[in-house]
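>>> Please work out how this folds:
(one chain, ligands or ions: 1)
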Amino acid sequence: MSSGPTPLRLFCATSNPGKAREFALAAGEGIVIQPLPDFGAIPPCVEDGATFAENALIKARHYGAHAAGLLFADDSGLEVEALGGAPGVYSARFSGPGATDASNNRLLLEKLRGVEDRRARFVCAIAVVDNGQPAGVFSGSVEGVILDEPLGAGGFGYDPLFYYAPFGCTFGEVEGERKFAVSHRGQALRAMLRALLPKPDSDPLPSGRPGLGRRLQLAGRLPVAEKTQNDNEPQMNADKST
Ligand code: IMP
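Alright, predicted model coming up:
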């Protein structure tokens, strides 16, 4: 006997445990997010895009070739106003080969020593492919300021340096759920899910796969759904993240 609608199943292509933990927060009733099996055995791709959206799409296409159905990949990073948007798409490797979160944070603090303008934003683009075919790109961003010393042991990457005024603390000091509710990654992921999940009044296709019709509407164009901080319905814009 059938036990309700088929859940939306998505493979997630990431090797970053911090990201994987956050993506898992989006799973729930009707949504199954699972790591791509054998992710580590697939040779990595060259992330040579000029924007987060381009890199997300490069990764999604690359790993999507190894997965049936829906797969998403993200590219994200920190843009610092006083550094002209750096480290941007180079956030993970800011301090060079062998970079770690600690070495990246040290370099960021060095570069901002004595700098008054500490404004920064996290940006995330998520690309989704359906059986290897690009189906959409969704993005989000969140504004903060860079402190002059790390605070908090939570999160990952630049979180302990990223002070988020509405919370009155850094992203390194908050629970994962709280960060995800406002973060660049949370915004982009929720935008993707809104586009993929069936609308309450939509007819399931004869295949019985709810939402497939909606997915097929997405296929054939490569929108970048630019998200605002309040999670409004996405507009289809060019990527402004870099
Ligand atoms: P990617 O894996 O190429 O997308 O690189 C992402 C990098 O950007 C991470 O390694 C972090 O350095 C930084 N980053 C992205 N999102 C976050 C976040 O939510 N918190 C802290 N750092 C982040």
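>>> Sheet-wise, list the partners of the longest strand seen in the chain with their directions.
Ranked by number of residues, the top strand in the chain under DSSP state E is strand 133-146. Counting by DSSP bridges, the strands paired with strand 133-146 are strand 119-130 (antiparallel), strand 162-164 (antiparallel), strand 224-226 (parallel).
>>> Present the ones you listed as a markdown table; the columns should include distance to the ligand.
Just so you know, the C-beta spots here come from the backbone N, C-alpha and C atoms, and that holds for glycine as well. Formatted as a markdown table, those follow (distance: least, CB to the nearest ligand atom, whole Å):
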| stretch | distance to the ligand |
| --- | --- |
| strand 119-130 | 5 |
| strand 162-164 | 7 |
| strand 224-226 | 16 |
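>>> Could you identify which of those strands has the lowest mean pLDDT?
Of all those, the minimum mean pLDDT falls on strand 224-226 (a mean of 50).
>>> picking that back up, rebuild the strands paired with strand 133-146 as CSV, extending it with mean neighbour count.
Listed next are these as CSV, based on neighbours: other CB atoms under 10 Å:
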stretch, mean neighbour count
strand 119-130, 25
strand 162-164, 22
strand 224-226, 24
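>>> okay, those in JSON lines with distance to V137 next?
What follows is the strands paired with strand 133-146, written out as JSON lines (distance: least, CB to CB, whole Å):
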{"stretch": "strand 119-130", "distance to V137": "5"}
{"stretch": "strand 162-164", "distance to V137": "24"}
{"stretch": "strand 224-226", "distance to V137": "5"}
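>>> looking at these, which is closest to N16?
Checking the strands paired with strand 133-146 against N16 by CB to CB gives strand 119-130 as the closest, at 11.9 Å.
>>> quick one: low-confidence parts of this structure?
Applying pLDDT under 70 to the chain flags the ranges 1-4, 200-242.
>>> Relative to the whole chain's centre, how far out is stretch 93-107?
On the basis of CA atoms, centre = their mean, to the nearest Å, stretch 93-107 sits 20 Å off its chain's mean C-alpha point.
>>> What is the end-to-end distance of it?
11 Å (CA to CA, to the nearest Å).
>>> That one: which residues count as buried?
Buried residues in stretch 93-107, counted by 16 or more other CB atoms under 10 Å: 94-95, 99, 101, 104-105.
>>> now swap in stretch 23-39 and tell me
In stretch 23-39, counting by 16+ other CB under 10 Å, buried: 23, 25-26, 33, 36, 39.
>>> same question, stretch 5-21
6, 8, 10-14, 18-19.
>>> ok, is it in contact with the ligand or not?
Yes: using CB under 6 Å from any ligand atom, we find that stretch 5-21 touches the ligand at N16.
>>> what's that stretch in contact with?
23, 29-36, 39-40, 59-60, 62-64, 67, 69-74, 76, 128, 155-157, 176, 185, 193, 196-197, 204, 208-211 (CB atoms under 8 Å, 6 or more residues apart in numbering).
>>> Could you export it as CSV, CA atoms only?
C-alpha atoms of stretch 5-21 as CSV (Å, rounded to 0.1, in the frame of the first residue of the first chain):
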residue,chain,number,x,y,z
PRO,A,5,3.6,11.2,-2.0
THR,A,6,7.1,10.2,-3.2
PRO,A,7,9.6,12.4,-1.5
LEU,A,8,11.8,14.7,-3.5
ARG,A,9,15.2,13.0,-3.6
LEU,A,10,18.4,15.0,-4.3
PHE,A,11,22.0,14.0,-4.3
CYS,A,12,24.3,16.6,-2.9
ALA,A,13,27.9,16.9,-4.3
THR,A,14,30.2,18.3,-1.6
SER,A,15,33.3,17.1,0.2
ASN,A,16,33.1,20.0,2.7
PRO,A,17,31.7,18.6,6.0
GLY,A,18,30.6,22.0,7.1
LYS,A,19,28.4,22.5,4.0
ALA,A,20,27.1,18.9,4.2
ARG,A,21,26.0,19.5,7.8
